[in-house]
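[1] Make a model of this:
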Amino acid sequence: MDLPQVGGEFADGPAGEGLAELGRAGGGRLSNEVIEVPWTEPLWEAFSGLSTMTGTAHDGGMAADEDLLWDADDKTMQMVPRLRRVGVTAGCLGFLGLLQRTDSNAAWVLYVGALHLLGEIAYWAWDRRRLIEARIVPGEADGPARLRLRRVGGQITEHDPYHVARVLIIHDNVHDLARLRLILHSRQLLFGRAGRPPALTTWRRTCPKAEVGDRAAHWGMPGIPD
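    Here you go, the predicted model:
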């Protein structure tokens, strides 16, 4: 019995043409048939957006941004600029003392140097108590949320958001920065280092009993305490 030679019949045609015709003749679709799908977005961008959303949800970055109330630009102790100021001042006073070494009133150089050193120490003691971060954290044992404050010196305290009496945001007149003043019910006044201006609605929602407001700085030059 002669067997049908299917391969011989389609030997002169392109590879796969005979199988495609057989498939169309039978009314079906071959598993290796190529189907063109309209492309609307690059594959890499689609996967990149998916991975970004997954990483954000996994790392908790969105939650960290939502409960962050205040974030200072500079969180360091600023020891290098402080030591530089002390060194420059000591050098200038020493040079002036050498110029007036024959003067009997040259002792004023020591007085000025001592006053400058005491001023730096006082500023350091005040600056290390300033706030660099304020955020809302969950309470213990499913309790109410707490207001966590972190200072320059590393001290961390937690307070009841309902015990915040006033929140004042002072906008800088030159830079896109602001300073924070926080008053608790215990009449404790807290200062915050300069940071990006936060949304007042977040403070109002977090501290419903606090008087929340903002104003422009009275001084136009940057770096002058207000």
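
[2] quick one: L110 is in a strand?
    No: judged by DSSP: H, G, I helix; E, B strand; the rest coil, L110 forms no part of a strand; its state is helix.

[3] wait, what's in contact with it?
    For L110, the contact set (CB atoms under 8 Å, 6 or more residues apart in numbering) comprises G97. Using the backbone N, CA and C atoms, a C-beta is placed for each residue, glycine as well.

[4] Look up how far D214 lies from A199.
    For A199, the distance to D214 equals 10 Å [CB to CB, to the nearest Å].

[5] Pick out whichever of those two has more residues nearby.
    Neighbours per residue (other CB atoms under 10 Å) separate A199 from D214, with D214 holding more: 14 against 10.

[6] my read: A90 touches G113, true?
    Yes: with contact defined as CB atoms under 8 Å, A90 reaches G113; the gap is 6.3 Å.

[7] So which of the two has more stuff around it?
    A count of neighbours by other CB under 10 Å puts G113 above the other of A90 and G113, at 17 against 13.

[8] Spell out which helix or strand contains the nearest residue to that one once chain neighbours are set aside, please.
    Closest residue to G113 apart from its sequence neighbours, by CB to CB, 6 or more residues apart in numbering: L93 at 4.8 Å. Per DSSP states H and E: L93 is located in helix 79-99.

[9] So for that helix, what gets flagged as buried?
    For helix 79-99, burial by neighbour count (16 or more other CB atoms under 10 Å) applies to 89, 93, 97.

[10] could I get those as JSON lines with pLDDT and distance to P161?
    Below are the buried residues of helix 79-99 laid out as JSON lines (pLDDT from 0 to 100; distance: CB to CB, whole Å):
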{"residue": "T89", "pLDDT": "85", "distance to P161": "43"}
{"residue": "L93", "pLDDT": "80", "distance to P161": "49"}
{"residue": "G97", "pLDDT": "76", "distance to P161": "54"}
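
[11] Report the contact partners of the closest residue to F191 other than its chain neighbours.
    Excluding the flanking residues, the one nearest F191 by CB to CB, 6+ apart is R130, at 4.9 Å. For R130, the contact set (CB under 8 Å, 6+ apart) comprises 151-152, 190-193.

[12] Of those residues - the most surrounded one?
    Neighbour-wise, the contacts of R130 (other CB under 10 Å) top out at G192, 25 neighbours.
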